[in-house]
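Q: Everything below, folded, please.
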Amino acid sequence: MIRRRPFLLMALLITPLPLVAQAPSGTGTPGDLVSRLPAVQQFRATAGAAELKLDGRLDESVWTAADSMTDFRQRDPAEGEAGTERTVVRVLSTREALYIAVRAEDHDMRAIRATVLRRDADLTVDDYVTILIDSFHDRRGAFLFRTNPSGAMWDAQLTGWDNLNESWNGIWDVSVARDSAGWTAEFRIPYQTLRFPPRATTLGFNVQRFIRRKNEEILWQSYRRTEGLYQLLREGELTGLTPLRRGRPLELMPYVLGKATANDHDASGRSLGGGGVSPKGGADVKLAVSPTLTADFTVNTDFAQVEADSQVINLTRFPVFFPEKRQFFLESSGIFDFGTAQRAQLFYSRRIGLREDGLPVPILGGARLSGKAGPWALGFLDARTGSGDEANDLVLRVKRDLFERGYVGAMALQRSGPGVTGAERGAGLDVDLPLVIHGQNLEPFAWIAGTQVPGVRGTPKAWRVATDYPNDLFDNFVSLYRIDAGFTPTLGFVRRTGIWETTGHVDFMPRPKIVGIRQLDFEFPIPTWDIIADEQGSLFRSRDWQTATLQWIPLGATMESGDHFEIDVLRLLDAPPDSFEVFRGVQIAPGRYWWTRGQLQYLSSPGRPLSVTAIVGFGGFYDGTDVETALEATWRQSGHLTLTGGVDRSQVSLSAGTFTALQATGRIEYAFNTRTDFLAFVQYNNEAQRIDFNLRFHWIPTIGDDLYIVWNSGYTTDSSAPHRFPSPHVLGHPLNGALVVKAVHRIVP
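A: Next up, the predicted model:
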């Protein structure tokens, strides 16, 4: 599958010396190593006497009198040059909200890309503008608000260096108007949505515009290739604000729900019961404890509207990581991050209210406190689960600002309650020090954690040290882990224990200015590596390795069109100590297996009406062979209809047997307008021998209110079953099925 590399380095070990600046003579702290930056650019907001009509037309006189921001420069493709299309920004501040107008002029309106309407869809496939507001004005986090020429809404919460929570949903609005010379977006962002120090008069601020047909990114500030929108050290300032107030400190979001559940059935069609009709109600409450701290409470929590997880055919012996999708745990989730995502996390919120098999456990109630108190970032979470778990889960997180953007932090967790045998605890310390040295990014970081659980002696530990060098010409990374055999974060996620592990890569990405090529990518002769030895062995002796992945990219390129292709060569090792089932009925025997694979990737530009991702992999697999093909295609039509289909097929031949692993997905999205949409998602998995449907209708009558109608159902495809899909008789014999109607109303007393 596609390897998604984070911005990661090996600056201290591999990067050519001219790219790593030495500490200037006479300097002392890492803060002194930050390059001399030009004076912070400021833009003054204009006071507005009253709330405005949000229509994208800017025909009120106050807009004409407002100051204009026009100096936008390219980050890509021509770094530092003026944007090829003129962009004008104006800002008004009223008693309740910020109004931000972005005029995106365009000499060819017929060529603009506007194919998305659904809220929180991926707007990067279109032309778009993004507003960044660092409301704490500490250059350590921000809120982002984005729209496209159709007025679709996307928002996110940025925490720290690059932790982007795209599932955050704020209360704000936008209206867009088009004409023959361009398009205009008019944002209204209430102060109540933001968090800021008492009586703040200045906010961190930036604006980004993307022109899809040119793949051109322009920004007001932070437009160097080593910077970008999330590089908050170079953000501008929005000044001239009257002392800000968050306004009403309390929000209530009660919900009512009706659920009709079909009887579950096994693969043979035998009813297992469980059907019926049931009502449910509950509420979420948001309270501004202070201008910078927010408390959230939830009672009888429900997540019926959450989209189903994507199925995975796992051809390894290690667990699969699934992302969190539930809103209560997603808001302000960045502060609770600790450890290394998908490898060793001290806290993994899916452990609360979800069993290992993905089935829900009722959450009776929960509370969360998050925000800042001076230089301290604070996070507190407590949740109580009901039948099937009967646990109280407690998480405490603190971070202390350090230097320009770094922090030193701690986390403590405890799981207890009548359903837990003895208290299960975990704790850890971490430090992250993002630096800018002579214009280049450098980020050393480290963490250490320990756990105490009944049945495991002492306090087994896990730790990691790493250095990252994420820049335009070189993007490099190196890390070292140690995870003790007994390390058991019961509220976290750990892929493997009892290991030493090292990971890293050295990316060389020149821009040759050859016609049609924007940037090349080479990982050669040094490969990307992920090497694991058991805790008694050594990473320096290949005979001690338990698993290894070495990947070379002799050639990869991103084209000016946005298309990308890549050639990969992989060398892999696995040494399972025991047999395991790789696929239904096929066992891998204990042993030591090395194999080599080749892989070709092609990703067309997401800005095309029909975008395609194609991957072909071929070569060894344990003691046999595997030919993998993966294809995904997405077609977007005029903003309303989006069709996506994908298939992933592995044809495997082993000494223990042959099999074909097949997974297929289909997705239909229809957006009636920016506040009403329908989603249909179907998945087929031949290992589990089932097909699943997830249908969801979502209506937003006003921002903050929601109506959902959701149907979930799964059916067997087992050829030996008497009732199997697509037989019409299968509708009466689902493996599981439920219809849910849920309404949420926001009340601001």
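Q: residues contacting residue 99?
A: Counting by C-beta atoms under 8 Å, 6 or more residues apart in numbering, residue 99 touches 48, 52, 91-93, 186-188. All C-beta atoms are positioned from the backbone trio N, CA, C, and that covers glycine.
Q: ugh, typo on my part, it should be residue 729
A: By C-beta under 8 Å, 6+ apart, residue 729 lies in contact with residue 723.
Q: Can you tell me the SS state at it?
A: Under DSSP: H, G, I helix; E, B strand; the rest coil, residue 729 falls in the helix class.
Q: mind starting the numbering at 37 from now?
A: In the new numbering, first residue 37, that becomes residue 765.
Q: What confidence value was assigned to the closest residue to residue 164 other than its chain neighbours?
A: Once flanking residues are discounted, residue 164 sits nearest to residue 184: 4.6 Å by C-beta to C-beta, 6 or more residues apart in numbering. What the model reports as pLDDT for residue 184 is 97.
Q: Contact partners for residue 762?
A: So residue 762 contacts nothing (C-beta under 8 Å, 6+ apart).
Q: on that earlier part again, export the contacts of residue 135 as CSV, with columns for secondary structure and neighbour count.
A: Formatted as CSV, the contacts of residue 135 follow (DSSP: H, G, I helix; E, B strand; the rest coil; neighbours: other C-beta atoms under 10 Å):
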residue, secondary structure, neighbour count
84, coil, 20
88, coil, 18
127, strand, 26
128, strand, 22
129, strand, 22
222, strand, 26
223, strand, 24
224, strand, 22
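Q: lowest confidence element among the helices and strands of this structure?
A: helix 363-366 (a mean of 83; mean pLDDT, DSSP states H and E).
Q: Give me the buried positions along it.
A: Judged by neighbour count using 16 or more other C-beta atoms under 10 Å, the buried positions of helix 363-366 are 363-366.
Q: how close does the nearest residue to residue 232 once chain neighbours are set aside get to residue 229?
A: Sequence neighbours aside, residue 171 is the residue nearest to residue 232 in space, at 4.3 Å (criterion: C-beta to C-beta, 6+ apart). From residue 171 across to residue 229, the span is 9 Å (C-beta to C-beta, to the nearest Å).
Q: what is in contact with the two at once?
A: residue 179.
Q: check contacts around the nearest residue to residue 109 once chain neighbours are set aside.
A: Nearest non-adjacent residue to residue 109, counting by C-beta to C-beta, 6+ apart: residue 259, 4.4 Å away. Applying C-beta under 8 Å, 6+ apart to residue 259 gives the contacts 108-111, 115-116.
Q: how about these in CSV, adding pLDDT and secondary structure?
A: Listed next are the contacts of residue 259 as CSV, based on pLDDT from 0 to 100; DSSP: H, G, I helix; E, B strand; the rest coil:
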residue, pLDDT, secondary structure
108, 97, coil
109, 97, strand
110, 98, strand
111, 97, strand
115, 96, coil
116, 96, coil
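Q: Neighbour-wise, which one of those residues leads?
A: Greatest neighbour count in the contacts of residue 259, by other C-beta atoms under 10 Å, goes to residue 111: 24 neighbours.
Q: any idea how far residue 404 is from that residue?
A: In terms of C-beta to C-beta, residue 111 sits 36 Å off from residue 404.
Q: And for residue 783?
A: Relative to residue 404, and taking C-beta to C-beta, residue 783 is found at 19 Å.
Q: And residue 677, by the same measure?
A: From residue 677 to residue 404 the distance is 38 Å (C-beta to C-beta).
Q: Which of these two has more residues huddled nearby?
A: Shown here are residue 677 and residue 404; by other C-beta under 10 Å, residue 404 has more neighbours (23 against 14).
Q: just to revisit the earlier point, isn't the residue nearest to residue 164 up against residue 158?
A: No - counting by C-beta atoms under 8 Å, residue 184 sits too far from residue 158 to count as a contact (10.3 Å).
Q: anything in contact with each of the two?
A: Common neighbours of residue 184 and residue 158 (C-beta under 8 Å, 6+ apart) are residue 152.
Q: Please identify which of these two sits among more neighbours.
A: More crowded of residue 184 and residue 158, by other C-beta under 10 Å: residue 184, with 30 against 14.
Q: Contacts only, for the more buried one.
A: Contacts of residue 184 by C-beta under 8 Å, 6+ apart are 149-150, 152, 159, 162-164, 212.
Q: coming back round to it: pull the contacting residues for the residue nearest to residue 232.
A: So residue 171 contacts 178-179, 230-232, 236, 239-240 (C-beta under 8 Å, 6+ apart).
Q: rerun that using 6 Å as the cut-off
A: Contacts for residue 171 (C-beta atoms under 6 Å, 6 or more residues apart in numbering) come out as 230-232, 239.
Q: Need the max-distance pair from those.
A: Taking C-beta to C-beta as the measure, these span a maximum distance of 10.9 Å, between 231 and 239.
Q: Among those two, which residue is more densely surrounded?
A: Applying other C-beta under 10 Å to residue 231 and residue 239 shows that residue 239 carries more neighbours, namely 26 against 22.
Q: Helix or strand: which one has the closest residue to the more buried one other than its chain neighbours?
A: For residue 239, ignoring the flanking residues on the chain, the nearest one in space by C-beta to C-beta, 6+ apart is residue 274 at 4.6 Å. If you go by DSSP states H and E, residue 274 is part of strand 272-275.
Q: and that strand, which strands flank it?
A: strand 78-80 (parallel), strand 239-247 (antiparallel) (DSSP bridges).
Q: number of nearby residues for the residue nearest to residue 239?
A: Neighbours of residue 274 (other C-beta under 10 Å): 25.
Q: Who is it paired with across the strands?
A: Under DSSP bridges, the beta-bridge partners of residue 274 are residue 79, residue 239.
Q: how close does it get to residue 196?
A: 21 Å.
Q: what does residue 693 give?
A: Using C-beta to C-beta, we find residue 693 at a distance of 48 Å from residue 196.
Q: So which of those two has more stuff around it?
A: Higher neighbour count among residue 693 and residue 196: residue 196, with 20 against 13, using other C-beta under 10 Å.
Q: what about that one, distance to residue 784?
A: Residue 196 is 30 Å from residue 784, by C-beta to C-beta.
Q: One more: residue 366?
A: Applying C-beta to C-beta, the value for residue 366 to residue 784 is 22 Å.
Q: same thing with residue 424?
A: Residue 424 is 35 Å from residue 784, by C-beta to C-beta.
Q: Same check on residue 769?
A: 47 Å.
Q: And the two? Which one has more around it.
A: residue 769 (25 against 14).
Q: Can you pull the phi/psi pair for that one?
A: phi -130, psi 60 (degrees, to the nearest 10).
Q: pLDDT score for the residue nearest to residue 422 when sequence neighbours are not counted?
A: The spatially closest residue to residue 422, leaving aside those adjacent along the chain, is residue 398, at 3.9 Å (C-beta to C-beta, 6+ apart). According to the prediction, residue 398 has pLDDT 91.
Q: Residue 398 is in contact with residue 420, isn't it?
A: No - taking C-beta atoms under 6 Å as the definition, residue 398 is not a contact partner of residue 420, at 9.7 Å.
Q: In terms of neighbours, single out the busier of those two.
A: Ranked by neighbour count (other C-beta under 10 Å), residue 398 and residue 420 place residue 420 first, with 19 against 15.
Q: nearest spatial neighbour of the more buried one, skipping sequence neighbours?
A: Nearest one to residue 420, counting by C-beta to C-beta, 6+ apart, is residue 400 at 4.8 Å.
Q: any idea which element that neighbour lies in?
A: Counting by DSSP H and E, residue 400 is found in strand 399-409.
Q: Show me what counts as buried in that strand.
A: Within strand 399-409, the residues that count as buried by 16+ other C-beta under 10 Å are 399-400, 402, 404-408.
Q: Within its sheet, name the partner strands of that strand and how each one runs.
A: strand 329-337 (antiparallel), strand 412-421 (antiparallel).
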